[in-house]
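[1] Sequence and predicted structure, then a few things I'm wondering about:
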Number of protein chains: 2
Amino acid sequence: MHKRMGKQTVCLEHPPYILSYASVAGKKEGDGPLRNGFDYISQDSYFGEQSWEKAESHMLHRCFTIACDKAGLAPSSLHYILAGDLLNQCVSSSFAMKDSDAPYLGLYGACSTMAESLSLSAMLVDGGFAEAACAITGSHFCSAERQYRFPLEYGGQRPPGAQWTVTGAGAVILGARGSGLRITHVTTGKIVDAGITDANSMGSAMAPAAYATLRAHFDDTGRTPDDYDVIYTGDLGALGHDILENLFRTDGLTLRHYQDCGVLIYDRSVQDVNAGGSGCGCCAAVLCGHILPTMASGSWKRILFSATGALLSATSAQQGSSIPGICHALVIEKED
Amino acid sequence: MHKRMGKQTVCLEHPPYILSYASVAGKKEGDGPLRNGFDYISQDSYFGEQSWEKAESHMLHRCFTIACDKAGLAPSSLHYILAGDLLNQCVSSSFAMKDSDAPYLGLYGACSTMAESLSLSAMLVDGGFAEAACAITGSHFCSAERQYRFPLEYGGQRPPGAQWTVTGAGAVILGARGSGLRITHVTTGKIVDAGITDANSMGSAMAPAAYATLRAHFDDTGRTPDDYDVIYTGDLGALGHDILENLFRTDGLTLRHYQDCGVLIYDRSVQDVNAGGSGCGCCAAVLCGHILPTMASGSWKRILFSATGALLSATSAQQGSSIPGICHALVIEKED
């Protein structure tokens, strides 16, 4: 088991290359601070479709097409597509990919899906099972809001700790041969249940899972937070961001270069998003519209990308169940 | 890419061993022809819980525990658990596994989940990423019925082509070292949309996906149906079973030893299940309660196990969308 480092981490023997990445965002995200990085911004929440669920699917399909175009690959030449989303039965992913003519593996990792799909894609390429694989996910504010909370027309009030589901998508194509950015380590999370039952406090529910996975990553690899130019979490928001910093402070560790994608994607001082962004699409769009482009053109050598998911449903919340969280993490390095 | 055979199939270099398997079934399934194979049969549709969703979770947890016990492995010693189910946001799996203390990868493959989770587990073990991994899924008639169709109290009439969601679960633990049964090939399906929109005709919606994946398997490997002692599909039911036979007949191929788990699990002459069983739990329970025990103790040397999923949601059906299908397949061989 030479690839294993401790219980949760694998070190990839032939780290797969990032062949291309693409991001699509909605209007609100396109008005935010990361606007210049997205490949496509839709001014129409319906993306030209008849429903928000179909809009979400349209958005994913567009994102996938851009990523394939950038990589110069026909969709049918991919050996695997790994995709998932927040909609019941992950229909936006399956409808988006149904004409891709490529082997499809559906995932459900809630908002951790970008890290989960990248982790599995990276292992499938590293293990020699695939020459190229696509990891993709996204979310849509309007379809998520009406599925998890209230009809939009109701105009429900949002408590200060609530987050705003990002309308956005991100896709990454990994390949066995390439240059530039590579995935070198994968740390797969365990489910962590901190007993939170407030479905408006996702940051609190997910921060303990982020702590557990990052802690496992440092323990497994022998690295410290300072070994990374930046450590990213997916969508803890402002509240979860601070909880995670505090959890590490208790360990005597300072996360010096730590950022949360849910904090980065909006300007909270002028955009009405309370604690920040959330949703599968949050860290997917930030990874592909901000982190990877910045790495590719800049001086960062190594980042740790993690994404957390809250494993609840409207039914489990209504039945009074707690909100278990999960977090998956991976290391992206730039070749000299 | 020496592990690749054609576009959709990989031949595993170090075929993982099946270390253990377990099955749990509900009362109706326990009254059926496969009753003697299940490890545990519950006479209570609630499995002692307060809701059917929690019952489904309880059932999965029990199945997982039995599989770990049989393998002599502590749950926390597993390198990965790969699980999924039919409930919105796959909550029965995540709640069932939340205290397992093992890295968790959530999947959504609808009723193809047993084949998807086994495929990914097999590749993770074969690729050296895991020493042991668990593939698990299940479904519950009552939670599925009220989520996808009507409240049970409504007593809706079921058309002849409809199928009965199996209350059952199956778990398989794969390991790098062992003896007996091994997974040798994995064929991953593409999404196939035959344009079916009748949510009561799942067999018709999924049979074209089964055909496409089995066809790809034969093309990729150069094998024929006669190279297998038995070919299984997951839950096409009586209608889908016949459609699949007809599709192959058009190719000039006879599926001589072909069985569908949805046909096997009930006695359709006395149990009121119309076209047969369906649901993630159908082929999971049949695999672990019938196929694997029969292989282990009998003369079969090689079987092809495939499972189909219908990638719809109640929302996509209500919006008039078609029902895309998917099918994943894998080869299980018995060592001499």
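    In hand now; what should we look at? Residues are numbered from 1 along each chain as shown, chains lettered A, B, ... in the order given.
[2] how about the nearest residue to the closest residue to chain B within the stretch 151-300 of chain A, chain neighbours excluded?
    Nearest residue of the stretch 151-300 of chain A to chain B, counting by C-beta to the nearest C-beta: A:Thr188, 3.8 Å away. C-beta coordinates here come from the backbone N, C-alpha and C atoms, glycine included. Distances taken as C-beta to C-beta, 6 or more residues apart in numbering or on different chains place B:Pro103 nearest to A:Thr188, at 3.8 Å, with adjacent residues excluded.
[3] Then A:Met5?
    In space, A:Met5 is closest to A:Asp220, 4.6 Å off (C-beta to C-beta, 6+ apart).
[4] Helix or strand: which one has the one you found?
    helix A:202-221 (DSSP states H and E).
[5] A:Gln147 now?
    helix A:141-148.
[6] can you list contacts of that helix?
    With C-beta atoms under 8 Å, 6 or more residues apart in numbering or on different chains as the test, helix A:141-148 has contacts from A:26, A:28, A:45, A:51-53, A:55-56, A:86-88, A:92, A:152, A:164-167, A:199, A:279, A:314, B:315.
[7] what residues are up against the residue of the stretch 151-300 of chain A closest to chain B?
    Counting by C-beta under 8 Å, 6+ apart, A:Thr188 has contacts A:8-9, A:119, A:328, B:80, B:103-105.
[8] what's the answer for A:Glu333, then?
    By C-beta under 8 Å, 6+ apart, the contact list for A:Glu333 reads A:15, A:181-182, A:184, A:301-302.
[9] is it true that A:Tyr258 touches A:Asp226?
    No - judged on C-beta atoms under 8 Å, A:Tyr258 makes no contact with A:Asp226 at a distance of 11.1 Å.
[10] Which one's more surrounded, these two?
    A:Tyr258 (18 against 12; other C-beta atoms under 10 Å in any protein chain shown).
[11] Report the spatially nearest residue to that one, omitting neighbours in sequence.
    Using C-beta to C-beta, 6+ apart, the closest residue to A:Tyr258 is A:Ile231 (4.8 Å).
[12] That neighbour sits in which helix or strand?
    strand A:230-233.
[13] elements contacting that strand?
    If you count contacts as 3 or more C-beta pairs under 8 Å, 6 or more residues apart in numbering or on different chains; DSSP states H and E, strand A:230-233 packs onto helix A:237-250, strand A:258-260, helix A:261-264, helix A:280-286, strand A:302-310.
[14] Given that strand, what are its sheet partners and their directions?
    Taking DSSP bridges as the criterion, strand A:230-233 forms sheet pairs with strand A:258-260 (parallel), strand A:302-310 (parallel).
[15] Whatever helix or strand comes next after the longest one near chain B at all?
    Going down the chain from strand A:302-310, the next helix or strand is helix A:314-318, by DSSP H and E. Yes - Helix A:314-318 lies in contact with chain B when judged by C-beta under 8 Å from any C-beta of the partner chain; the contacting residues are A:314-316.
[16] one step back: can you add mean pLDDT and give the strands paired with strand A:230-233 back as JSON lines?
    Below are the strands paired with strand A:230-233 laid out as JSON lines (pLDDT from 0 to 100):
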{"stretch": "strand A:258-260", "mean pLDDT": "98"}
{"stretch": "strand A:302-310", "mean pLDDT": "98"}
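[17] so can I have JSON lines of those strands showing distance to B:Ile332?
    As requested, those are exported to JSON lines (distance: least, C-beta to C-beta, whole Å):
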{"stretch": "strand A:258-260", "distance to B:Ile332": "44"}
{"stretch": "strand A:302-310", "distance to B:Ile332": "32"}
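[18] Comparing those, which comes out most buried?
    Ranked by mean neighbour count, those are led by strand A:302-310 with a mean of 28 (mean count of other C-beta atoms under 10 Å in any protein chain shown).
[19] which non-adjacent residue is nearest the residue in the stretch 1-150 of chain A that chain B sits nearest to?
    Proximity of the stretch 1-150 of chain A to chain B (C-beta to the nearest C-beta) peaks at A:Gly127, 2.8 Å away. Spatial nearest neighbour of A:Gly127, excluding adjacent residues (C-beta to C-beta, 6+ apart): B:Gly127 at 2.8 Å.
[20] which stretches of the stretch 51-200 of chain A have low pLDDT?
    Judged against pLDDT under 70, the stretch 51-200 of chain A has no low-scoring part.
[21] Tell me where it has strands.
    Ranges of strands in the stretch 51-200 of chain A, per DSSP state E, counting those that start in this stretch, are A:80-85, A:104-106, A:132-139, A:164-165, A:168-175, A:181-187.
[22] and of these, who's closest to A:Gly37?
    With C-beta to C-beta as the measure, strand A:168-175 is the member of the strands of the stretch 51-200 of chain A nearest A:Gly37 (10.7 Å).
[23] Contacts only, for A:Cys111.
    So A:Cys111 contacts A:86, A:139, A:206, A:234-235, A:278-280, A:282-283, A:307-310 (C-beta under 8 Å, 6+ apart).
[24] If you rank the residues you listed by neighbours, which is first?
    For these, neighbours tallied by other C-beta under 10 Å; top is A:Cys280, 40 neighbours.
[25] hang on, it packs against A:Glu116?
    No - applying C-beta under 8 Å as the test, A:Cys280 and A:Glu116 come out as separate, 9.9 Å apart.
[26] overlap in contacts of the two?
    Common neighbours of A:Cys280 and A:Glu116 (criterion: C-beta under 8 Å, 6+ apart): A:Gly84.
[27] This completes my enquiry, with thanks.
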